[in-house]
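Enquirer: Here's my sequence, what's the structure:
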Amino acid sequence: MDEKLLKNVFEITQIAMILERKGKIVVEDSKSLSDSVVQIAKDFEKQFDEWEGDYYADIDNFAEARLIEDFS
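Expert: Sure thing, here's the model as predicted:
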């Protein structure tokens, strides 16, 4: 994993923790969360255009939507 992807994984994991505390997602096991977070990070990098967007706002919005889809 490259450094950018690792940073994305960390950011998405933080978002997942916040969503779980707020009761917006339910994580039953860490393996499924880990697998989902890594895939979301990879998918985000494929579609993000650094010239057009606000990286952190975009990853937050992208990850929140995907995590809610995966864990609601």
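Enquirer: Go through stretch 61-72 and flag the buried ones.
Expert: By 16 or more other C-beta atoms under 10 Å, the buried positions in stretch 61-72 come out as Phe62, Ala63, Glu64, Arg66, Leu67, Asp70, Phe71. All C-beta atoms are positioned from the backbone trio N, CA, C, and that covers glycine.
Enquirer: Can you tell me what sits against stretch 54-64?
Expert: Asn8, Glu11, Ile12, Ile15, Ala16, Leu19, Ile40, Asp43, Phe44, Gln47, Phe48 (C-beta atoms under 8 Å, 6 or more residues apart in numbering).
Enquirer: okay, now the last one: neighbour count?
Expert: Burial of Phe48, expressed as a neighbour count using other C-beta atoms under 10 Å, amounts to 16.
Enquirer: List phi and psi for it.
Expert: Main-chain dihedrals, Phe48, degrees, to the nearest 10: phi -80, psi 130.
Enquirer: still on that earlier bit, which of the buried residues of stretch 61-72 lies at the shortest distance from Glu3?
Expert: Set against Glu3, the nearest of these by C-beta to C-beta is Ala63 (18.1 Å).
Enquirer: and the closest one, how far is that from Val9?
Expert: 10 Å (C-beta to C-beta, to the nearest Å).
Enquirer: Could you list the low-pLDDT ranges of the chain?
Expert: Low-confidence regions of the chain, defined by pLDDT under 70, span residues 1, 51.
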